[in-house]
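Visitor: only geometry, no sequence info:
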Ligand SMILES: C[C@@H](N)C(=O)N[C@H](C)C(=O)O
Ligand SMILES: [Zn+2]
């Protein structure tokens, strides 16, 4: 069993303390983790708890802001603490009752994946995905502006990135490598093919337009964001003012522990 890491890791810990990571808005400030015990997080695979929830684990593919599979994502699975997964199952019940389904983009995120993000963010020349994912924000500012958490609540196993999809779900087009990049801030019909409802921006669009309460998105997107937030808040999750897709389970079992197990079925249990 890989033990959780303390994050007394120089750059990562320094960034966490200096920037507050995703500690803005509704999210509490991340506290420096204590020396980590050797504990098993008790993760479950979300589809084992609720196979009605759609999954599109972008960091296990090249369809993400880094432009390649991210370190630690060995399988396209959503791992979560049992508590968060059960809560999400209840949110899915409520979503289906209003004709919509949840679709998760990211769940538990190993610390090595955050390290990969930070390493990528520190390479100004690796800007191949800028036109799509952060067209108006310099990559060197992604951490300071709160779009990348360091450390990230995702590594505690009870935080999810997700959206809403109509039921029955429209077909999702395959994302072709080498496709022309379209800004995530573009109109719904022009953005990266995704079967989700219009949220005003694509997922992982690092831009002020993604701020949950932005008044610069259209009325449909505003209503869809309100609906997602309402469903998640009622289910015990806390949103984040910088990213409409990011929610942390309020009663998380590991509020101070950051794990580094890879995303693979054998990390559950
Ligand atoms: C990278 C994005 N999907 C996200 O989750 N951002 C927050 C701030 C995080 O990294 O914790
Ligand atoms: Zn997130």
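Guide: That came through, no problem. What you are looking at is a predicted structure, and each value in this text was computed from that prediction instead of being measured. Numbers count the residues shown, from 1 in each chain. Ligands and ions are numbered 1, 2, ... in the order given.

Visitor: for residue 207, see how far away residue 72 is.
Guide: 26 Å (CB to CB, to the nearest Å). All C-beta spots, glycine's among them, are computed from the backbone N, C-alpha and C.

Visitor: part of a strand, is residue 104?
Guide: Yes - counting by DSSP: H, G, I helix; E, B strand; the rest coil, residue 104 falls inside a strand.

Visitor: the closest residue to ligand 2 within the stretch 151-269 of the chain pairs with what?
Guide: Closest residue of the stretch 151-269 of the chain to ligand 2, CB to the ion: residue 246 (3.6 Å). Note on residue 246: beta-bridge partners by DSSP bridges are residue 161.

Visitor: that one: what's it in contact with?
Guide: Shown in contact with residue 246 (CB atoms under 8 Å, 6 or more residues apart in numbering): 22, 159-161, 239-240.

Visitor: among those residues, which has the minimum pLDDT value?
Guide: When the contacts of residue 246 are compared by pLDDT, residue 22 scores lowest at 45.

Visitor: quick one: strands adjacent to the helix or strand hosting residue 44?
Guide: Using DSSP states H and E, residue 44 falls within strand 43-45. Strand 43-45 sits in its sheet next to strand 79-81 (antiparallel), going by DSSP bridges.

Visitor: mind listing residues that contact the partner strand?
Guide: The contact list for strand 79-81 (CB under 8 Å, 6+ apart) reads 41-46, 88, 107-108, 157-158, 160, 249, 252-254, 263, 267-268.

Visitor: count of neighbours near residue 176?
Guide: The local packing of residue 176 (other CB atoms under 10 Å) involves 9 other residues.

Visitor: what about it, distance to residue 118?
Guide: Residue 176 sits 29 Å away from residue 118 when distances are taken as CB to CB.
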